[in-house]
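In: One predicted model, sequence on top.
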Amino acid sequence: MIDKRDAQLSLGFLSVSFMALFIGAIAGLLQTLVRSGTIELPLSIGYYQLLTAHGVLLALIFTTFFIVGFLYAGISKTMGALYDVPRRTGWLGFAMMTFGTILATIFILLNKATVLYTFYAPLQASPWFYVALVHVVVGSWLCAFSMWNQYYIWKRRTKNKLSPLFSYMAVMTMALWFIATLGVAATVILQFIPWSIGWVDKIDILISRTLFWYFGHPLVYFWLLPAYMCWYVVIPKIIGGKIFSDALARLSFVLFLLFSIPVGFHHQLLEPGISHSWKFFQVVLTFMVIVPSLMTAFSMFAVFETAGRKKGAKGLFGWFKVLPWKDVRFFAPMMGMLIFVPAGAGGIINASHQLNQVIHNTLWVTGHFHLTVASTVALTFFGIAYWLVPYLSGRTLTPQMNRLGIIQTILWTVGMAFMSGAMHLVGLFGAPRRTAYTTYSDHPQALDWVPYQAAMAIGGTILFIAILLLMYIIGYLAFKAPKGEMDFPVGEVEEEAAATPVILENWKLWVGICAALILIAYTIPFWHMIEHGPPGSPGYKFW
Amino acid sequence: MHIHKYEKIWLWSGAVCLTIFLLIVGVSAYAMGNQPPSHMETIDPKKAALTAPFDKPALTKIGDNEYEAVMLAQAFTFTPSKMTVPKGSTVHFKVTSTDVVHGFQIPATNVNMMITPGYVSKISHTFDKPGKYLILCNEYCGVGHQVMAVTLEVTS
Amino acid sequence: MPQLQSEYKEKVKVKKEKELLGTLLSVMGVGLFIVLSWAAVYLLYLSR
């Protein structure tokens, strides 16, 4: 068991995370029902209001709170109890982030911020919505500073010993987050807040979009990296194996830091004002960030095969059968990993320059990130929560809860197969995303989409049942399960594995290269936007 | 750093495949002109509806089987709202927004682009099959976003 | 003694290289899936 005070800090983050997940999921269920034409909302709630709540609470709040809570627990486990300053800073971050979350939720529910979670200008929300977002981001920075501070003190006290793999990855994840959120903080603080208060009357749209997507793509890696931490560090221990290679795991995280940021243009491939050459350059960089995921895929299979063979599995694929399929701590993340195969394939397609014209802003994209963040990442997080919540509350994961967890995972996978599968297909036919129920005056093409939207609602309903089950399991594990000691699984490295090169912990070097790549990819096109930008836009409230 | 022989094979195959993908889209973009819409022309968004050619949004014949569609996107419609061209026509769309960000998409074609206020967006398409094509907004633009669509009829 | 050790290491290495054939085939399967999906959407792009 880690230090009780650290466990409380971690549980604080996890509880806000699961509350956000529950509210966000209710919004999600209603959206799929509305879009299929099954129900109509009462006049007081709008479809786009739900969509804003769903996006903000799940993509930003659920993920960030869960990640910070998980990282604190793992840091305390692998580097020892948090020192006083990092712990206090962590609580301060928690307070700021929670305040921001509540404020944002209130303004979304008041229908003062129906701008979706991407809040594209010149749709203009209440200034309080932007102030709320700043609190979430700055609060998360305090958590980043606190984790780095812990790492720094630990390094000094251990006379520069190689950091534990989990903590190294946590420091890297927060470095990625900090560098990425500088962009969104800049646009919110320098552009949106003064403009929504009325200090300035115009906003430069392309610059705000570019700063948003400078943040928006590394955001998805910020979700993914903690899932990878579970796969690299936790899973080997659960399946009775060893970490395939400490050095390669660290190298993949270095590559994520370098290549996940200077790639935001691949979300802006179809917009004017950015030349196609800079777009193509960032497309090439985007393809570089695929490499560490290829490395991860190999590492995972290698861990499975090595562990299986140690257990005596024979044949080419005998090791696959001896994996602990009945252990939810393995099963949920494993389903996440398998779903990452189509999710990754879809991602490569999305980023392929002009191929983006086939799928941009269609339901395909919604289907895509429901495979990445809402399946690969979410299932891994659920798999973590099933042991982390009882571990932190001094309870145990009982066999019944384990079984329910497996059912929950299956429900999630099936529900998502329906919903995301239908979204991918109907997206290829051209059905737009982020659109309430419509048949475009009974246009035959749009009528053809309706059955797929019904399949989305079936999937959405199954997913909601899975969320209810998850809430029950998590509640039981936190408050009702029998008291006892759980294990925080932390894998060990293979004995014969080569030593980890010190250069991988040279932060100045990696952050330096990261900054250089960002400057190379963004300086000229960004300067062009400023120099040749059109007059700005006033705000609009079209909801 | 030791890398397993099979992992090297895997990473090299991956790198080769990714390079081939990039070569395919790169050649298609740079040698055959299939670039994603990236027009650089700007316009004052407040005055867009008063600035030529957007003061008279219309479909104009500019050559054999060639048309230019100058269009305005505004919440929650496109102008002009009805257009007709014969089969086999190439239409050059030229679109800007007078208010917020909109999308411009013709389902089941490669016509798909963002309409950012302050910028002029351009895309061309040849309509080989007759039918009533939907032109819809695929970026959330407000409470009536789901009705923002017009049609382009291609006659046989 | 050092020689013995390096021989031992060689053996371990050779053994490990053989062990991961299932891994290689699995990831290659993943790769094939990616290539096929990409090609499918590329063909769709060309046909439109």
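Out: Yep, that arrived.
In: Between the two ends of stretch B:139-150, what distance do you get?
Out: 15 Å (C-alpha to C-alpha, to the nearest Å).
In: Three-state assignment for B:M83, please.
Out: What DSSP: H, G, I helix; E, B strand; the rest coil gives for B:M83 is strand.
In: Could you pull up the contacting residues of it?
Out: B:59, B:69, B:150-153 (C-beta atoms under 8 Å, 6 or more residues apart in numbering or on different chains). Every residue, glycine included, has its C-beta placed from N, CA and C.
In: By neighbours, which of those residues wins?
Out: With neighbours taken as other C-beta atoms under 10 Å in any protein chain shown, the top of these is B:L152, carrying 25 neighbours.
In: Next, give phi and psi for it.
Out: Main-chain torsions, B:L152, degrees, to the nearest 10: phi -120, psi 120.
In: count of neighbours near the closest residue to chain B within chain C?
Out: Residue nearest to chain B within chain C: C:L24 (4.2 Å; C-beta to the nearest C-beta). When counting by other C-beta under 10 Å, one arrives at 21 neighbours for C:L24.
In: ok, now how distant is the closest residue to it other than its chain neighbours from A:Y472?
Out: Leaving aside its chain neighbours, C:L24 sits nearest to B:Y6 (4.2 Å; criterion: C-beta to C-beta, 6 or more residues apart in numbering or on different chains). As for B:Y6, its distance to A:Y472 is 43 Å (criterion: C-beta to C-beta, to the nearest Å).
In: Would you tell me which helix is longest in chain C?
Out: Longest helix of chain C, by residue count under DSSP state H: helix C:21-47.
In: which other helices and strands contact that one?
Out: Under the contact criterion of 3 or more C-beta pairs under 8 Å, 6 or more residues apart in numbering or on different chains; DSSP states H and E, helix C:21-47 touches helix A:291-310, helix A:328-350, helix A:356-359, helix B:5-30.
In: For the third one, give me every contacting residue.
Out: For helix A:356-359, the external contacting residues (C-beta under 8 Å, 6+ apart) are A:266, A:269-270, A:349-350, A:364-365, A:427-428, B:36-37, B:110-113, C:41, C:44-45, C:48.
In: List buried residues within those.
Out: Among the contacts of helix A:356-359, the ones that count as buried by 16 or more other C-beta atoms under 10 Å in any protein chain shown are A:266, A:269-270, A:349-350, A:364-365, A:427-428, B:36-37, B:110-113, C:41, C:44-45.
In: Now, the residues you listed that are in strands?
Out: Among those, DSSP state E puts B:112-113 in strands.
In: residue of chain B with the smallest distance to chain C?
Out: Nearest residue of chain B to chain C: B:Y6, at 4.2 Å (C-beta to the nearest C-beta).
In: So that residue versus A:I197, what's the distance?
Out: As judged by C-beta to C-beta, B:Y6 and A:I197 stand 59 Å apart.
In: how about the longest helix of chain C: buried residues?
Out: By neighbour count on 16+ other C-beta under 10 Å, the buried set for helix C:21-47 is C:22-24, C:26-27, C:30-31, C:34-35, C:37-38, C:41-42, C:44-45.
In: Which two of those residues have the greatest separation?
Out: Across the buried residues of helix C:21-47, no pair lies farther apart than C:G22 and C:Y45, at 35.2 Å, counting by C-beta to C-beta.
In: and chain A, which of its residues are near chain C?
Out: Proximity of chain A to chain C (C-beta under 8 Å from any C-beta of the partner chain) is limited to residues A:294, A:297-298, A:301-302, A:304-306, A:309, A:316-317, A:319-320, A:341-342, A:344-346, A:348-349, A:352, A:354-355, A:357-359, A:428, A:496.
In: Drop anything exposed from those.
Out: Among the residues of chain A next to chain C, those scoring as buried are A:294, A:297-298, A:301-302, A:304-306, A:309, A:319-320, A:341-342, A:344-346, A:348-349, A:352, A:354-355, A:357-359, A:428 (criterion: 16+ other C-beta under 10 Å).
In: okay, now the spatially closest residue to A:F178 that is not a sequence neighbour: neighbour count?
Out: Closest residue in space to A:F178, ignoring its immediate chain neighbours: A:A144 at 4.9 Å, by C-beta to C-beta, 6+ apart. Counted with other C-beta under 10 Å, the neighbours of A:A144 add up to 23.
In: after the helix or strand containing A:A144, next one along is what?
Out: For A:A144, the host element (DSSP states H and E) is helix A:127-157. Sequence order places helix A:165-186 as the next helix or strand after helix A:127-157, per DSSP H and E.
In: end-to-end on stretch B:35-50?
Out: Length of stretch B:35-50, first residue to last, C-alpha to C-alpha: 30 Å.
In: so does that stretch get close to chain C?
Out: No. Legend: contact between stretch B:35-50 and chain C by C-beta under 8 Å from any C-beta is lacking; minimum distance shown is 11.1 Å.
In: Off-centre distance for stretch A:380-399?
Out: Remark: stretch A:380-399 is offset 20 Å from the chain centroid, using C-alpha atoms, centre = their mean, to the nearest Å.
In: now A:T52, what's its secondary structure?
Out: helix.
In: so how many other residues sit close to it?
Out: As a burial measure, A:T52 scores 28 neighbours (other C-beta under 10 Å).
In: Test my guess that it contacts A:Y120.
Out: No. Using C-beta atoms under 8 Å, A:T52 is not in contact with A:Y120, being 11.8 Å away.
In: Contact residues of the stretch 1-150 of chain A facing chain B?
Out: A:46, A:48, A:51, A:114, A:116, A:120-123.
In: give the contact list for the closest residue to A:Y117 other than its chain neighbours.
Out: Leaving aside its sequence neighbours, A:Y117 sits nearest to A:G55 (C-beta to C-beta, 6+ apart; 3.0 Å). By C-beta under 8 Å, 6+ apart, A:G55 lies in contact with A:116-118.
In: Where does residue 62 sit: helix, strand or coil?
Out: Let's take chain A. helix.
In: that answer is for a different chain, and I need it for chain B
Out: With three-state DSSP as the basis, B:I62 sits in strand.
In: Can you report how many residues lie near the residue nearest to it when sequence neighbours are not counted?
Out: Spatially, and ignoring its direct neighbours in sequence, B:I62 is nearest to B:E68 (5.0 Å; C-beta to C-beta, 6+ apart). Neighbour count for B:E68, taken as other C-beta under 10 Å: 19.
In: what's the pLDDT at B:E68?
Out: For B:E68, the pLDDT comes out at 97.
In: you'd agree it is in a strand?
Out: Yes. Looking at B:E68 with three-state DSSP, it is inside a strand.
In: circling back to that earlier point, counting neighbours, go ahead and name the busier of B:Y6 and A:I197.
Out: Remark: of B:Y6 and A:I197, B:Y6 carries more neighbours, 23 against 13, as counted by other C-beta under 10 Å.
In: Return the residues in contact with the more buried one.
Out: A:298, C:17, C:20-21, C:23-24.
In: Out of the residues you listed, which comes closest to A:V511?
Out: Proximity of these to A:V511 (C-beta to C-beta) peaks at A:F298, which lies at 26.7 Å.
In: was I right about that closest one contacting C:L25?
Out: No. Using C-beta under 8 Å, A:F298 makes no contact with C:L25, being 11.7 Å away.
In: Now do the same contact list for the most centrally placed residue in chain A.
Out: Centroid-nearest residue in chain A, with C-alpha atoms, centre = their mean: A:W223, separated by 2.4 Å. Taking C-beta under 8 Å, 6+ apart, we find A:W223 in contact with A:63, A:67, A:372-373, A:377.
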